[in-house]
Structures are given as structure tokens and as C-alpha cells.
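[1] Following is a predicted model, sequence given first.
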Amino acid sequence: MGPGTLRSVRTHLRLGRLLGVPIGINWGVLLVSVLLAISLARVSLPSIAPRYPSSAYWFGAVLGVVGFLVSLVGHELGHSYVAKRNGVHVVEITLWLFGGVAKLEGDADDAGAEFRIAAAGPAMSFVMSGVAAGCAWCIDALDGSRVLVGLLVWLTAINIVLAVSNLLPAFPLDGGRMLRAVLWRRSGRKRKATRAASLIGQVLAAIMTAGAIGLLIWGDRWSGAWILALGLFLFVAARSQWQDAADRPELLDHPVGELQRALPAALAPQLPVRELERVFDAHPRAVLVPVLDDRGAVGSLVTRESVQRIPPAHRGAVPIRSLSEPIMALPRVHPDETVKSVVGRLGRGRSWWALVADGHGVEGVLCSEDVDEVLDVAMS
């Protein structure tokens, strides 16, 4: 199916680890595997390679089930590998009734990474289909077992179907996530893109469900039942994502004190920049460090970016005061002031900082990027 966010409920059996990623299998997959083996041994393989003993068909069916599970794992490993390359931690790969899911700890930070992670699964499925087709061609050229050739052709088709079906622009399928990444890149707003992609996913799921009902009435009832279950699942999943990304305008009335970042302890101006660097390393979310004046009061600030202007070899000799900026240069907001009020005064955009002060002292710093995140949720 594709990558998904972390869930805490476990409804599966842990199989082990592959390339450092835990692999699990849902109990429903075991039932599907049994049905798939019966279908291969009694229908598919005898029709592809007739006049072989039943033991050959059952052996091929077992290999086919293993190959099918390997195909699912390979698809999800494609997601996992690219996710790791883009700084997203992979919690686990789980095989379940409709395929597999790579559980990620959070989403990608940008649209490009989101697109690459989503596209990696179908790409891996296409690669595995090519490998299976190549093996089938070689065995056929060597006049090998027709059962094995038929099985490899079947695996080739399975991987193509897995890739193509996941490329449907129905969120949360891989194609839907790729669509969201494109919309995210164009608009710059992830939640707005999620709303649009999940709405399209609901429409396509409804079309799939209607087609499945048609198959149940006039066509293949087994295929119709399977597509109906998949369509209903996709509709529920897309609907859930659509609701989660809905506007929350009440957040505009929340006080900005809830968004403030704590300021590290003030430093003496004569200390070297090396000490400032250590403070920023210890406080990864800090953007400013207060600096004391000659009277022992906070009179200036130093930004994280200013440290990067000093070559590492000189940071032990250059004093902090050479990088400090007057504290009065920054605007101030009251911790009880609403998000709407602050945005009206300072505007939106990742370009400003404001000191959060209640009249008795500075409590923290408000960053425009944190305000933008609230605005993105409040007004998608």
C-alpha cells in the first residue's frame, strides 16, 4: 500500500528484521496466503502448465505465496530505504490484508522527500517484475519447468499490478501521496494539499465501490467482493485523512504564549563564540541566546545563524559581544495576545522573531515559522 504514520496498536506477528527494519505480518494475511495457494495449485498453475503432477502444482503454489510476500516486503523496503535517506525513521513494515505498509515516525519535511518516498514503492515493484520476467525468460530458453515459468510469469504480473494499483491518485495510496506532494509543492501548504488529495481519493474510492457492485451483480463475484472491500477501505482511510486536515479556525484565538520557545540562560559578552555554539547544540530549538551587558542585565541577543559566520578555528577566540544585536531591535508580544492579533501586526511568513514579554520580563521567543504551522492548521 505505502508508507504510513506510526500506530501503537499491534495486531500482527513479528517475523524478524530485514536491513534493520522489523517485519510483521497481520493474521489476515495468513488466511489470504492459504486461499492464494489453493488458487495457484488448483486453477492458475494447471491452466498455465497442464499435465503435471499435483505435487508440482502445490510446490509451485508454496513458492508463489513466498514470492508474493517477498514482493510485498520489497515494495515496502523501497519506501523504507528512501525514507531513511531523507531522514525519516522507519518503525516497522507490516504485511496485511490489502498489501503492506511501512510505518514511519512522522512525515517528510518537504514535498520533494514526500514524493520520493511514495514513488519508491512502485519503482521497486517494477524492478521486481523485471527480475521475475528475466528469470522466466531464462528458464524458458533453457527448456526448464513450465510450472516454474508459469509461476514467474504470474509473479511478474503480480508486481506490475501492485505497482500500477498503488500509482492510482487515491490518497492514501502511493499515487495519492505523490499527488499530495505535487499539490504541496505548488501551494506550499501541506494540509491544504492533504485535503485536496484525500478528497480525490474519496471520489476514486466511490467509483471503485460502484464498479465492484456492478461486478457482483453482472460479473465476477469474487473479484467484485475483493474490489468492494478495497474500495470501502480506501474511502474510509481517505475520509479520515480529509477530516484530520480540516480547518480549525478556533486556533486563531489561542494565546501566543502557548507557542513560545524558551530562551537559554544569558551569557556574558566576553565569553568566546565556542561557548555560544555549545549552548545552541544543547538547545536545538533555540534561535536566540540572551547576552548580558556590563551591568549584568540582558541587553542584547545573538542568533544561531550568526555563529555560522565565524570560522570554526576562530570560535574559541572571538567574543560573543562581536555578534550581539540590541534586544530592542525585536518586536514584543504579550503571552496572552492571540495568534490572530499577532499575525495582524507582524504578518505571516518565516521571517521574524518576537520576544514574549508580560511587562515584568522576557518569557521566551515567538518564531514566525511556529505561527505559520498554526495558520496552516487553522486555515488550510
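    In hand now; what should we look at? Keep in mind the model is a prediction, meaning the values are calculated, not measured.
[2] check contacts around the residue lying farthest from the centre of the chain.
    In the chain, counting by C-alpha atoms, centre = their mean, Arg295 sits farthest out from the average C-alpha position, at 50.4 Å. By C-beta atoms under 8 Å, 6 or more residues apart in numbering, the contact list for Arg295 is empty. Quick note: C-beta positions are derived from backbone N, CA and C, even for glycine.
[3] Next one, pLDDT for it please.
    What the model reports as pLDDT for Arg295 is 79.
[4] where does it land in three-state SS?
    Secondary structure for Arg295, judged by DSSP: H, G, I helix; E, B strand; the rest coil, is coil.
[5] low-scoring stretches of the chain, by residue?
    Residues of the chain that meet the criterion pLDDT under 70 lie in 1-12, 15, 19, 96-100, 105-106, 246-247, 349-350, 378-380.
[6] what's the domain layout of it?
    Split into domains by automatic domain parsing, the chain comes to 1-167, 169-246, 252-378.
[7] can you pull out the helices in the stretch 51-200 of the chain?
    For the stretch 51-200 of the chain, the helices defined by DSSP state H, counting those that start in this stretch occupy 54-85, 111-141, 146-166, 174-187, 190-218.
[8] JSON lines for those, including mean neighbour count and distance to Glu250?
    Below are the helices of the stretch 51-200 of the chain laid out as JSON lines (neighbours: other C-beta atoms under 10 Å; distance: least, C-beta to C-beta, whole Å):
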{"stretch": "helix 54-85", "mean neighbour count": "20", "distance to Glu250": "33"}
{"stretch": "helix 111-141", "mean neighbour count": "19", "distance to Glu250": "28"}
{"stretch": "helix 146-166", "mean neighbour count": "20", "distance to Glu250": "37"}
{"stretch": "helix 174-187", "mean neighbour count": "22", "distance to Glu250": "23"}
{"stretch": "helix 190-218", "mean neighbour count": "19", "distance to Glu250": "15"}
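[9] nearest to Lys103, of these?
    Lys103 lies closest, by C-beta to C-beta, to one member of the helices of the stretch 51-200 of the chain: helix 54-85, at 9.4 Å.
[10] Now do that closest one: which elements does it pack against?
    Packing contacts for helix 54-85, counted by 3 or more C-beta pairs under 8 Å, 6 or more residues apart in numbering; DSSP states H and E, involve strand 2-5, strand 21-26, helix 27-39, helix 45-48, strand 90-96, strand 99-104, helix 111-141, helix 146-166.
[11] For Ala225, which of the ones you listed is the nearest?
    helix 27-39 (12.1 Å).
[12] Arg348: neighbour count?
    Using other C-beta atoms under 10 Å, Arg348 is surrounded by 15 other residues.
[13] got it, and Ser47?
    There are 9 residues near Ser47, going by other C-beta under 10 Å.
[14] Leu263 now?
    Neighbours of Leu263 using other C-beta under 10 Å come to 20.
[15] Next, give phi and psi for Leu167.
    Backbone torsions for Leu167, taken as degrees, to the nearest 10, come to phi -80, psi 0.
[16] okay, now Asp253: neighbour count?
    With other C-beta under 10 Å as criterion, Asp253 counts 11.
[17] The one 5 residues further on too?
    Summarising burial for Glu258: neighbours were counted as other C-beta under 10 Å, giving 11.
[18] Could you report the distance from it to His360?
    Computed as C-beta to C-beta, to the nearest Å, the Glu258 to His360 distance reads 19 Å.
[19] give me every residue that touches the residue nearest to Ala123 when sequence neighbours are not counted.
    By the measure of C-beta to C-beta, 6 or more residues apart in numbering, the closest residue to Ala123 outside its immediate chain neighbours is Gly78, 6.1 Å from it. Shown in contact with Gly78 (C-beta under 8 Å, 6+ apart): Ala120, Gly121, Pro122, Ala123, Met124, Ser125.
[20] how much space between the last one and Ile158?
    The reference is to Ser125. Separation of Ser125 from Ile158 (C-beta to C-beta) stands at 9 Å.
[21] Report the set of residues contacting both of the two.
    Contacts common to Ser125 and Ile158, judged by C-beta under 8 Å, 6+ apart, are Ser71.
[22] The residue nearest to Leu323 when sequence neighbours are not counted: neighbouring residues, count only.
    Closest residue to Leu323 apart from its sequence neighbours, by C-beta to C-beta, 6+ apart: Ser306 at 4.4 Å. By other C-beta under 10 Å, the residues close to Ser306 number 18.
[23] what about Ser306, which helix or strand?
    Using DSSP states H and E, Ser306 sits within helix 304-307.
[24] Summarise which helices and strands that helix is packed against.
    Here helix 304-307 touches helix 273-282, going by 3+ C-beta pairs under 8 Å, 6+ apart.
[25] Residues contacting the helix it packs on, please?
    If you take C-beta under 8 Å, 6+ apart as the criterion, helix 273-282 is touched by 264-265, 267, 286, 289, 302, 304, 307, 310, 314-316, 318-320, 322-323.
[26] From those residues, list just the buried residues.
    Leu267, Ala286, Val289, Val302, Arg304, Val307, Ile310, Arg315, Val318, Ile320, Leu323 (16 or more other C-beta atoms under 10 Å).
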